[in-house]
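# Quick one: sequence and predicted model below, then my questions.
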Amino acid sequence: MRMVRVDRALDALNIAKRQAFEEAEITSSEEIVRARIATERGLAEARVSRDGEIRRLEVDRDRSVELAEIQSAIEIARATAERSSAIAASEGARAKAIEAAEQAITRSPSSLRRQGTANATRCA
């Protein structure tokens, strides 16, 4: 009888050990799953943060490019306006020079004499 009790005690001990091992295994698996979930959350948060930072940098870059294009357009417009103004001034001076040349050509020596006589009469 004593043997039977010892065998039963050993069986009970083995069953208890097996249950403890299975419970530890289940607990370990649950901890691994929780750790995996936490890691995936952390990675997702990092991804969202990175994507936000990338988007912010893209917006800053686009804004800088647009500002540079606007400044370039302003400089081109300013240069074009200066060129147009210079061309207009040049054309005005050219027109005056042509007009003066035409007047010099159309004045004949007789008209200059008449003009000189008229000026002499006025002075007298």
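Sure, I can see it. Numbers count the residues shown, from 1 in each chain.
# from here on, contacts and neighbour counts on C-alpha atoms
Will do.
# What confidence value was assigned to the residue of the chain most remote from its centre?
For the chain, the residue at maximal distance from the C-alpha centroid (Cα atoms, centre = their mean) is M1, at 90.3 Å. What the model reports for M1 is a pLDDT of 74.
# Check T117 too.
52.
# cool, and V4?
Taking V4 on its own, its pLDDT is 81.
# do you know how far it is from S29?
Here V4 is placed at a distance of 37 Å from S29 (Cα to Cα, to the nearest Å).
# These two: which is more packed in?
Neighbour count, other Cα atoms under 10 Å: between V4 and S29, S29 has more, with 12 against 9.
# how about the more buried one, phi and psi?
phi -60, psi -40 (degrees, to the nearest 10).
# Quick check: it vs A81, distance?
77 Å.
# Helices along the protein, start to end?
Taking DSSP state H as the test, the helices found in the chain are 2-106, 109-123.
# And the pLDDT for A104?
pLDDT, A104: 86.
# Let me fix that, I meant to ask about E25.
96.
# So what's the residue count around it?
Residue neighbour count, defined by other Cα under 10 Å, stands at 12 for E25.
# where in this protein is pLDDT low?
In the predicted model of the chain, residues 108-124 satisfy pLDDT under 70.
# at 80 instead, please
Applying pLDDT under 80 to the chain flags residues 1-2, 107-124.
# can you tell me how far E30 sits from R36?
10 Å.
# go on, R8?
The gap separating R8 from R36 is 42 Å, by Cα to Cα.
# And for A89?
78 Å.
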